[in-house]
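Novice: pasting the sequence and the predicted coordinates here, then a few questions.
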Amino acid sequence: MRRSFATLGRLLLLFVQLQVLDLAAQVSARFPFEVSETVGIRRRSDVISTRLLFERPLPSTTGFRLEDESESIPCQLRPAGETTDGISALDIDFVGHFQPFETRRYQIVAGVGLEGSEEPQNGLRIEESSNEFRIKNRDYLVWTIRKDLKGLFRFLRLPNVEYVVEDSGGLGFRKGDGAIHLLSNSKPTRARILREGALACALEFDYENWPGDGSSRVVLEFPRTKSWVHVTWTIRGMSRISELVAELQLSLKGEEKLVDFGSGDFVYNTVRTDQVAVMEARPEGSPRWSVLHGLRGDLKPLVVAPENVLLAGLGGWVHLMDETRCTALAVAQFGLAGEDRIEVDGTGLLRITRRPKADQIALEFWVHFVSMPVHIGARTSPQSMQSPLSVRWLPRVN
């Protein structure tokens, strides 16, 4: 009798295993993609972030693994858009090293019960309280983001090097009245952790009726391998916006600050406490871009673009520095998505303004906090922020 029960137990176990294998075979698939360096910059330890959307939701028990041509790669894989029907998307973050214009091929392997890729443990972590998020990178870098988004964010290099003053302006906009209205004047409908892990973290802030009858979404992304934050602000359903503004007040010392602008040419100068330096660009008109310098209200041209110059090669970035700290700011689509302006002054003001095209009310930029000299502290160039490694998904392989 015991032998019969043991035989029956083995048969039942075999049946269950066959059922699991059959289910795994139904959903097992490979999703290949290519990653390319497209602008001619060597990339060292760049975090590659992408999202895989599934045609049909996969079972919640599906496992995922990232592979290159030969082996599994340590990575951060997070199911996104989970519903009662299963997993509809997958957020993917991993580290890559690329030579200029190099392309590499990877794949996501999916299957029920599949053993996933190893995940790095040391790096970023998020601490959430009732009124703020704190993102720490291995106990030496700390970003503080209030849930009302006032001031946008602060940054601290431990133990005590502050980069951003507490009462910065943050994000704002102008309507027909000409006044700046801060995004933080309205409470977000939702402030949440969008992505969390050692390699990459992201926060999302949604406003249903702000500005006016429109809606806003702000996403802040933090990669482990770089001390920068990627900011994307989009506005929908509101066409009466004359200007978008992003403003940080930096904590800098000394009577004279150093300034580098990435325009059609590399432009460097200094600003004293009462001085301002500006780089501006526009989709139409002449000059297409210029750098101005002087007292506020009395700026003089420093460098002006030649006639008929194209904006495709315009940098759209700035360094503002004292003897120990450098803040790099880079703006996406500078001078192409609207009339753009980057302004700095000797008090540490760092401001972006954009007069957007009517159908493109958005502002995307990166802020990178490093030590001086910037060549050692940054270990990369502003162009690498503006041109992340490109991801192209290929046809699925069953």
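Specialist: Arrived safely, thanks for sending. Numbering: from 1, shown residues only.

Novice: what about the strands in the stretch 251-398 of the chain?
Specialist: 256-262, 266-272, 275-281, 289-295, 298-304, 317-321, 325-331, 338-345, 349-356, 362-371, 390-393 (DSSP state E, counting those that start in this stretch).

Novice: name the helices or strands packed onto the longest one?
Specialist: Applying 3 or more CB pairs under 8 Å, 6 or more residues apart in numbering; DSSP states H and E, one finds that strand 362-371 makes contact with strand 154-157, strand 228-236, strand 243-249, strand 325-331, strand 349-356, helix 382-386. In this view, the C-beta of every residue, glycine as well, is placed from N, C-alpha and C.

Novice: tell me which residues of that strand are tucked away?
Specialist: Within strand 362-371, the residues that count as buried by 16 or more other CB atoms under 10 Å are 362-370.

Novice: which one of the strands of the stretch 251-398 of the chain lies closest to V109?
Specialist: Closest approach to V109 among those is made by strand 390-393 (14.5 Å; CB to CB).

Novice: now tell me what touches that closest one from outside.
Specialist: Identification of contacts with strand 390-393 by CB atoms under 8 Å, 6 or more residues apart in numbering yields 31-38, 48, 50, 52.

Novice: any chance of these in a markdown table, with secondary structure, distance to E255 and pLDDT too?
Specialist: Shown next, in a markdown table, are these (DSSP: H, G, I helix; E, B strand; the rest coil; distance: CB to CB, whole Å; pLDDT from 0 to 100):
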| residue | secondary structure | distance to E255 | pLDDT |
| --- | --- | --- | --- |
| F31 | strand | 56 | 95 |
| P32 | strand | 57 | 96 |
| F33 | strand | 51 | 97 |
| E34 | strand | 51 | 97 |
| V35 | strand | 46 | 97 |
| S36 | strand | 46 | 97 |
| E37 | coil | 41 | 96 |
| T38 | coil | 42 | 94 |
| I48 | strand | 42 | 96 |
| T50 | strand | 46 | 96 |
| L52 | strand | 52 | 95 |
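
Novice: quick check, nearest of those to V164?
Specialist: Checking those against V164 by CB to CB gives I48 as the nearest, at 27.4 Å.

Novice: now do the contacts for the closest one.
Specialist: Taking CB under 8 Å, 6+ apart, we find I48 in contact with 35, 92-96, 388-389, 391.

Novice: mind running it again at 6 Å?
Specialist: Shown in contact with I48 (CB atoms under 6 Å, 6 or more residues apart in numbering): 35, 94, 96, 389.

Novice: do R105 as well
Specialist: R105 makes contact with E34, according to CB under 6 Å, 6+ apart.

Novice: strands along the stretch 101-250 of the chain, start to end?
Specialist: Going by DSSP E, counting those that start in this stretch, the stretch 101-250 of the chain shows strands at 103-112, 124-128, 132-137, 141-146, 154-157, 161-162, 170-174, 180-182, 190-195, 200-207, 215-223, 228-236, 243-249.

Novice: show me where pLDDT drops low in the stretch 51-200 of the chain?
Specialist: 81-83 (pLDDT under 70).

Novice: now distance to L299 too, for the strands of the stretch 101-250 of the chain, in TSV please.
Specialist: Shown next, in TSV, are the strands of the stretch 101-250 of the chain (distance: least, CB to CB, whole Å):
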stretch	distance to L299
strand 103-112	44
strand 124-128	40
strand 132-137	37
strand 141-146	33
strand 154-157	29
strand 161-162	29
strand 170-174	20
strand 180-182	20
strand 190-195	38
strand 200-207	34
strand 215-223	30
strand 228-236	26
strand 243-249	18
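
Novice: which one, of these, ends up nearest to H293?
Specialist: Each of the strands of the stretch 101-250 of the chain was scored for nearness to H293 using CB to CB, and the closest is strand 243-249 (19.6 Å).

Novice: for the closest one, packing partners?
Specialist: Secondary-structure packing of strand 243-249 (3 or more CB pairs under 6 Å, 6 or more residues apart in numbering; DSSP states H and E): strand 170-174, strand 349-356.

Novice: for it, what is the average pLDDT?
Specialist: Model confidence over strand 243-249, given as mean pLDDT, is 95.

Novice: who does it pair up with?
Specialist: strand 170-174 (antiparallel), strand 349-356 (antiparallel) (DSSP bridges).

Novice: chain center to the last one, what's the gap?
Specialist: Taking the mean C-alpha point of strand 349-356 and that of its whole chain, the gap between them comes to 18 Å (CA atoms, centre = their mean, to the nearest Å).

Novice: and what of stretch 241-254?
Specialist: Centre-to-centre, stretch 241-254 and its host chain are 18 Å apart (CA atoms, centre = their mean).

Novice: span of it from start to end?
Specialist: Distance across stretch 241-254, first residue to last, is 37 Å (CA to CA, to the nearest Å).

Novice: and the contacts of it?
Specialist: 162, 164-165, 168-169, 171-174, 180, 322, 327, 348-355, 361, 363.

Novice: list buried residues within those.
Specialist: Applying 16+ other CB under 10 Å to the contacts of stretch 241-254, the neighbour count classes 164-165, 168-169, 171-174, 322, 327, 348-354, 361, 363 as buried.
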